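Novice: Got a predicted structure here, sequence first:
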Amino acid sequence: MRRFTLPFGELKENDFVALNRHSYVDYIADPDRSCAITVHRGDWRAAPENSLLAIERAISDGYDVVEIDVRRSSDGEFFLLHDDTLERMTGLDQEPEALTLQQLSSLRLRNRDGGEANPLTDEKLPSLRQVFDLARDRIFIHLDIKHKEIIPGVIAYARAAGMDRRVDFWSAVKTDEDLKWVYKEVLPHRVPFIAKTRLEEPDAETQLELVFKLKPFVCEITFARLQQVAELKDRFNEAGIALWANTLDSVTCAGFTDTAALKDPAAIWGRLIDAGVSAIQTDEPEALKTYLGTRA
């Protein structure tokens with residue numbers, strides 16, 4: 001095992017890897033890492049989505065990033081939920097932002113992806129504070145903040161919690177106004193930022209111009225043809241921007257879905273990686289991890 005001598009002492013190779021993973025940006029920039037596996041709403045196949053149990057299982061299974069959905073309660077606290085109502089995950093037909101965090105935290109979650117077919121569990125709707133306490137120094141967090149106007153508040157919250165190097169903030173960058181917003185509300189805080197670029201849209205060249213001006217550490221891309229991604233691989237690499245793609249069935253790009261990947265992982269995940277994608281968000285993390293092992 002190689003050893004490294006640094007000003008604060010000697011590190012073994014495994015210690016160096018762990019040190020490098022302390023920063024989300026450093027981890028993504030590591031040229032020797034495998035494709036990052038981002039678990040959508042936690043490992044919800046075996047727990048309620050966006051629950052502490054789903055996040056703990058994502059950590060225990062060794063995945064790299066967990067995606068969670070963040071909202072703000074009526075008393076200004078942050079909590080996890082995807083939908084605009086509580087119906088699917090708790091059975092309560094009410095807007096979540098109308099309740100206090102105490103009220104929300106008392107609600108039991110339905111298993112898996114919710115709905116009447118899944119029973120209520122003992123898992124309660126979690127706060128962002130609980131997630132930070134659970135995930136600290138164990139996994140990186142992709143924050144899907146459901147209302148853009150609360151992003152500055154979440155940034156301040158993450159910084160106060162000492163989690164600002166372990167989470168990312170995400171937004172579409174399609175116009176000059178979007179770019180100005182990022183410069184004003186995000187970049188001054190030096191937190192990891194992911195830009196979303198849609199290569200299939202008529203203004204794709206404008207979006208690309210903006211993203212290369214911004215140079216986020218990651219760019220999430222959508223596309224109509226994989227060749228659109230492959231043709232930009234070197235340009236993104238030279239700019240130091242990693243490429244992120246979703247294979248979630250609900251946000252499909254040109255048929256590159258989890259369902260298709262389960263049938264032929266090389267044709268879906270493999271082709272994405274060969275085209276330059278180095279982070280994949282999926283509802284099938286175990287299958288993706290198994291496939292990545294065959295590429296090693």
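Specialist: Looks like it arrived, so ask away. Numbering: from 1, shown residues only.
Novice: Please give the element, helix or strand, for the closest residue to P265 other than its chain neighbours.
Specialist: Nearest non-adjacent residue to P265, counting by C-beta to C-beta, 6 or more residues apart in numbering: Y291, 4.0 Å away. Where you see a C-beta, it was placed from the backbone N, CA and C, and this is true even at glycine. Using DSSP states H and E, Y291 sits within helix 285-295.
Novice: Just the CA coordinates for that helix, please, in CSV.
Specialist: What follows is helix 285-295 as a C-alpha-only set of coordinates in CSV (Å, rounded to 0.1, in the frame of the first residue of the first chain):
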residue,chain,number,x,y,z
PRO,A,285,-28.6,1.5,-7.8
GLU,A,286,-27.8,-2.1,-7.0
ALA,A,287,-28.0,-3.1,-10.6
LEU,A,288,-25.9,-0.1,-11.7
LYS,A,289,-23.3,-0.9,-9.0
THR,A,290,-23.1,-4.5,-10.2
TYR,A,291,-22.7,-3.3,-13.8
LEU,A,292,-19.9,-0.9,-12.9
GLY,A,293,-18.1,-3.8,-11.2
THR,A,294,-17.9,-5.5,-14.6
ARG,A,295,-16.3,-2.5,-16.2
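Novice: circling back to that earlier point, tally up the residues packed near the residue nearest to P265, please.
Specialist: 19 (other C-beta atoms under 10 Å).
Novice: now A98
Specialist: By other C-beta under 10 Å, 12 other residues sit near A98.
Novice: give the contact list for the nearest residue to it once chain neighbours are set aside.
Specialist: Leaving out its chain neighbours, the residue that sits closest to A98 by C-beta to C-beta, 6+ apart is S74, at 5.8 Å. S74 is in contact with 97-100, counting by C-beta atoms under 8 Å, 6 or more residues apart in numbering.
Novice: Also R57?
Specialist: 42-43, 46-47.
Novice: Quick check: phi and psi at it.
Specialist: phi -70, psi -30 (degrees, to the nearest 10).
Novice: how close does it sit to L214?
Specialist: 34 Å (C-beta to C-beta, to the nearest Å).
Novice: Which strands or helices does the strand ranked longest in the chain pack on?
Specialist: When the chain is parsed with DSSP state E, its longest strand is strand 65-72. Packed against strand 65-72 by the contact rule (3 or more C-beta pairs under 8 Å, 6 or more residues apart in numbering; DSSP states H and E) you find strand 36-40, helix 52-60, strand 78-80, helix 128-135, strand 140-145, strand 277-282.
Novice: Closest one of the contacts of R57 to Y63?
Specialist: D43 (7.7 Å; C-beta to C-beta).
Novice: Am I right that the closest one sits in a strand?
Specialist: No - judged by DSSP: H, G, I helix; E, B strand; the rest coil, D43 forms no part of a strand; its state is coil.
Novice: any idea of the pLDDT on the spatially closest residue to it that is not a sequence neighbour?
Specialist: Leaving aside its chain neighbours, D43 sits nearest to R57 (4.0 Å; criterion: C-beta to C-beta, 6+ apart). pLDDT for R57: 97.
Novice: How about L107?
Specialist: At L107, pLDDT is 98.
Novice: how close does it sit to P216?
Specialist: Look at L107 and P216: by C-beta to C-beta, they are 35 Å apart.
Novice: show me where pLDDT drops low in the chain?
Specialist: Counting by pLDDT under 70, the ranges of the chain that qualify are 1-21.
Novice: Centre-most residue in it?
Specialist: Centroid check for the chain by C-alpha atoms, centre = their mean gives H142 as the closest residue, at 2.9 Å.
Novice: So that residue versus Q94, what's the distance?
Specialist: Distance from H142 to Q94, by C-beta to C-beta: 27 Å.
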